[in-house]
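Colleague: Here is the input, now give the coordinates:
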Amino acid sequence: MDSSSAILLFKAGMFELALACYTVVIPESVEQELTRPGRAGADFFSMVCSQGLMVIYDATGQGDENAGGSPEKLGPGERDALSLYARGKGDFIVVDDKKAAQSCIKKKIPYVNALLLVRIFADSGRIRQESYSAAFEKLAQIGWYSPRIVSFARTCERERISYFFP
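Modeller: Here you go, the predicted structure:
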């Protein structure tokens, strides 16, 4: 998971559900972004990290240096998350960065964004319709989602996202 996705899920009240449903894997660079003083949820993420509720890996200098595409095109968190996936650390990527999503498509890496993850929680029966609607609307407002992405997340067929069900 990248830091943008984690922060968006936190703001929508869905991060704890992500922790309950999945083993959340992040690189150290994402941990540093999430726990930086002054960032939204920094105290929460510091507690989550200190309690070992996420799996944190050092991704620097490991494996395929271009796992996430050209380093200059991606931020360190996105690049390192994709590098961890390339090393077998995780089943899919949660990323809310357009360039990282494009890299996932190019490399045939399964990925979702925070908005779609909330839909997955609803379709898999992890949250009720009211909670889904509230979280989805919150994410649609605070995220940088295009109308096309919002529409896809609302209307995609269940079969297309069932791979990601917890």
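Colleague: Can you give me the pLDDT of the one residue sitting closest to the centre of the chain?
Modeller: Against the mean C-alpha coordinate of the chain, by CA atoms, centre = their mean, the closest residue is Val94 at 2.7 Å. pLDDT for Val94: 98.
Colleague: distance of it from Phe164?
Modeller: Separation of Val94 from Phe164 (CB to CB, to the nearest Å) stands at 9 Å. The way it works is simple: take the backbone N, C-alpha and C, and place the C-beta from them, glycine included.
Colleague: which residues are in contact with both of the two?
Modeller: Counting by CB atoms under 8 Å, 6 or more residues apart in numbering, the residues touching both Val94 and Phe164 are 112, 117.
Colleague: Across the sheet, point out what pairs with the residue nearest to the centre of the chain.
Modeller: In this structure, Val94 has beta-bridge partners Val112, where bridges are defined by DSSP bridges.
Colleague: Please give the element, helix or strand, for the spatially closest residue to Val118 that is not a sequence neighbour.
Modeller: On the basis of CB to CB, 6 or more residues apart in numbering, the spatially nearest residue to Val118 that is not a chain neighbour turns out to be Ala135, at 4.7 Å. Ala135 belongs to helix 129-142 when assigned by DSSP states H and E.
Colleague: Can you list the neighbours in contact with the following helix or strand past that helix?
Modeller: Proceeding N to C from helix 129-142, the next assigned helix or strand is helix 147-155, under DSSP H and E. The set of residues external to helix 147-155 that reach it, using CB under 8 Å, 6+ apart, is 113, 115-116, 119, 136, 140, 145.
Colleague: Just the C-alphas of stretch 147-160, formatted as PDB.
Modeller: In PDB, the C-alpha atoms belonging to stretch 147-160 read as follows (Å, rounded to 0.1, in the frame of the first residue of the first chain):
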ATOM      1  CA  PRO A 147     -15.200  11.300 -13.000                       C
ATOM      2  CA  ARG A 148     -14.300   8.200 -15.000                       C
ATOM      3  CA  ILE A 149     -12.600   6.500 -12.000                       C
ATOM      4  CA  VAL A 150     -15.500   7.300  -9.700                       C
ATOM      5  CA  SER A 151     -18.000   5.900 -12.300                       C
ATOM      6  CA  PHE A 152     -15.900   2.700 -12.700                       C
ATOM      7  CA  ALA A 153     -15.700   2.200  -8.900                       C
ATOM      8  CA  ARG A 154     -19.500   2.600  -8.700                       C
ATOM      9  CA  THR A 155     -20.500   0.400 -11.600                       C
ATOM     10  CA  CYS A 156     -17.800  -2.200 -12.300                       C
ATOM     11  CA  GLU A 157     -19.000  -5.800 -12.300                       C
ATOM     12  CA  ARG A 158     -18.500  -7.800  -9.100                       C
ATOM     13  CA  GLU A 159     -16.600 -10.400 -11.000                       C
ATOM     14  CA  ARG A 160     -13.900  -7.900 -12.000                       C
END
